[in-house]
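**Student:** take a look and give me a structure for this.
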Amino acid sequence: MMLAQRIQDDLKRALRAGDALRVSTLRLVRAAAHNLEIERGRELTDSELESVVAHEAKRRREAIEAFARGGRDDLVRKESLELAILSEYLPAQLTEEDLKAIIAETAAAVGADSERDVGKVMAAVMPKVKGRADGAVVNRIVREVLTP
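**Tutor:** Below you'll find the model as predicted:
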């Protein structure tokens, strides 16, 4: 089933069930996707829609950190629940051990051996882990692997 259809079907089920949080979260995703469709002048592919969902999930993670620093536990809880809903539409995230293995293999393949080569390794790794790992986490691990 296409991702857009799955989101639409889940939205209908949430409306029938009266799940206000799921409804609002899925509507936000649909609105962001719709705006991108208007911008591009065509329907989004599953990969592009997945990127929209990943972007929304990243916004939730950032909000959780900000609200936690501000002591707003109520908003941290709400954002965490929204993040859990969004995560259902994303591929499983890679563990740090898996990322380290992929990064080490890629660094060896591109001949990277120092921190100067971070950009080269990032350029080679990101397509491999797209949608399955946050770029900031990948960057941190690349720096760890390349630092002697």
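
**Student:** residues of the helix or strand where residue 77 lies that come out buried?
**Tutor:** Using DSSP states H and E, residue 77 sits within helix 73-87. For helix 73-87, burial by neighbour count (16 or more other C-beta atoms under 10 Å) applies to 76, 78, 79, 82, 83, 85, 86. Every C-beta, even on glycine, is put in place using the N, C-alpha and C of the backbone.

**Student:** just stretch 105-116 next, same as before
**Tutor:** So for stretch 105-116, counting by 16+ other C-beta under 10 Å, buried means 106, 107, 112.

**Student:** pLDDT at residue 138, what is it?
**Tutor:** pLDDT recorded at residue 138 is 90.

**Student:** what are the boundaries of the helices in the chain?
**Tutor:** 3-17, 20-40, 46-69, 73-87, 96-110, 118-129, 135-146 (DSSP state H).

**Student:** and the fourth one, what other elements does it pack with?
**Tutor:** Right, the one you point to is helix 73-87. Under the contact definition 3 or more C-beta pairs under 8 Å, 6 or more residues apart in numbering; DSSP states H and E, helix 73-87 sits against helix 20-40, helix 46-69.

**Student:** with the third one instead?
**Tutor:** Secondary structure elements in contact with helix 46-69, counted by 3+ C-beta pairs under 8 Å, 6+ apart, are helix 3-17, helix 20-40, helix 73-87.

**Student:** for the last one, same thing?
**Tutor:** Under the contact definition 3+ C-beta pairs under 8 Å, 6+ apart, helix 135-146 sits against helix 96-110, helix 118-129.

**Student:** kindly report the same for the fifth one.
**Tutor:** Using 3+ C-beta pairs under 8 Å, 6+ apart as the contact criterion, the secondary-structure elements in contact with helix 96-110 are helix 118-129, helix 135-146.

**Student:** next, count neighbours for residue 134.
**Tutor:** 16 (other C-beta atoms under 10 Å).

**Student:** what's the closest non-adjacent residue to it?
**Tutor:** Ranked by C-beta to C-beta, 6 or more residues apart in numbering and with sequence neighbours excluded, the top spatial neighbour of residue 134 is residue 58, at 6.8 Å.

**Student:** how much space separates that neighbour from residue 22?
**Tutor:** As judged by C-beta to C-beta, to the nearest Å, residue 58 and residue 22 stand 19 Å apart.
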